[in-house]
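Student: predicted model and sequence below, questions to follow.
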Amino acid sequence: MKRLCDVHLEIIKNQLGVTGKKTKLPASHPVTILEDEHKIIVRNLKKLNSAVAKLKTAGSFTRGKQQINTVKELAHFFLETEKHHRREEEALFPRLVSHGISEPPAIFKEDHTEFMARKTTLHELALAAEKTEFNEFIAKLTPVVEFLVKNLDEHIYKENNILYPMALQTLTEDEWPQVRKKFDLIGYCCFAPA
């Protein structure tokens, strides 16, 4: 079903004429903020993947202490990124729906729900790391991290190249300040925007 949604999203992209052209937006624009956060999220996905790979080769909690600390920090960071998804769902998606674009927001929201479940699992595993046997910990941690690294990266690509250009083509200039006000009320996860 999810694969069909992805294919459908590509069809919608072509129907709406969304192109890969980037528009230069001010740093304070909601889309710029979301894309800048994506850059930080992608960097941290790479750090998480690297930390887990090094932890596996360390072979124990003692030798992998630095990597465990990195995993714990990043697990907390990824929970904080839920503010990013919440801003999309509460400030951007309703505006798209009001313009008759309901399917892409529904697909992305479904992804957000799945990511939240995996991020919560990552956080729980990280907090309980030394309370379990090392190999068991690695066996539980690896699929969660692999899922996030692959799927969250793909999700970000689709948002940057399909959803945000669609929003820029659809929302009026008068709507963006309202989106930004809602962003400010919800708060930010990665940095304080302009």
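Tutor: Nice, I can see it.

Student: pull the helix or strand with minimum mean pLDDT from this structure.
Tutor: helix 2-16 (a mean of 55; mean pLDDT, DSSP states H and E).

Student: the helices in this protein, which residues?
Tutor: 2-16, 30-58, 65-80, 82-87, 93-98, 103-127, 134-147, 153-158, 164-170, 175-186 (DSSP state H).

Student: where in the chain is pLDDT low?
Tutor: The chain contains residues with pLDDT under 70 at 1-22.

Student: swap in 50 and give it another go.
Tutor: 1, 16-17 (pLDDT under 50).

Student: spit out the contact partners of the spatially most central residue of it.
Tutor: Of all residues in the chain, the one closest to the mean position by Cα atoms, centre = their mean is Leu152, 5.5 Å from it. Residues in contact with Leu152 (Cβ atoms under 8 Å, 6 or more residues apart in numbering) are Ile41, Leu45, Phe115. The way it works is simple: take the backbone N, C-alpha and C, and place the C-beta from them, glycine included.

Student: go through these and give me the one with the most neighbours.
Tutor: Ile41 (21 neighbours; other Cβ atoms under 10 Å).

Student: pull the contacting residues for it.
Tutor: Residues near Ile41 by Cβ under 8 Å, 6+ apart: Phe78, Thr81, His84, Leu152, Ile156, Cys190.

Student: one step back: just put the helices of the chain in CSV and tack on distance to Ala194.
Tutor: Output for these, formatted as CSV (distance: least, Cβ to Cβ, whole Å):
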stretch, distance to Ala194
helix 2-16, 29
helix 30-58, 8
helix 65-80, 20
helix 82-87, 16
helix 93-98, 21
helix 103-127, 25
helix 134-147, 32
helix 153-158, 21
helix 164-170, 18
helix 175-186, 10
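
Student: of all those helices, which lies closest to Thr23?
Tutor: helix 164-170 (6.2 Å; Cβ to Cβ).

Student: packing partners for that closest one?
Tutor: helix 2-16, helix 30-58, helix 93-98 (3 or more Cβ pairs under 8 Å, 6 or more residues apart in numbering; DSSP states H and E).

Student: which other residues reach the last one?
Tutor: Okay, so that is helix 93-98. Ser102, Pro104, Pro105, Phe108, Lys109, Met166, Ala167, Thr170, Leu171, Glu175, Gln178, Val179.

Student: CA atoms only: put that helix into CSV for me.
Tutor: Extracted C-alpha coordinates of helix 93-98, given in CSV (Å, rounded to 0.1, in the frame of the first residue of the first chain):
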residue,chain,number,x,y,z
PHE,A,93,-0.8,20.7,5.5
PRO,A,94,-4.2,22.3,6.3
ARG,A,95,-3.4,25.1,3.9
LEU,A,96,-2.7,22.6,1.1
VAL,A,97,-5.9,20.7,2.0
SER,A,98,-7.9,24.0,1.8
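
Student: buried residues of that helix, list them for me.
Tutor: Phe93, Arg95, Leu96 (16 or more other Cβ atoms under 10 Å).
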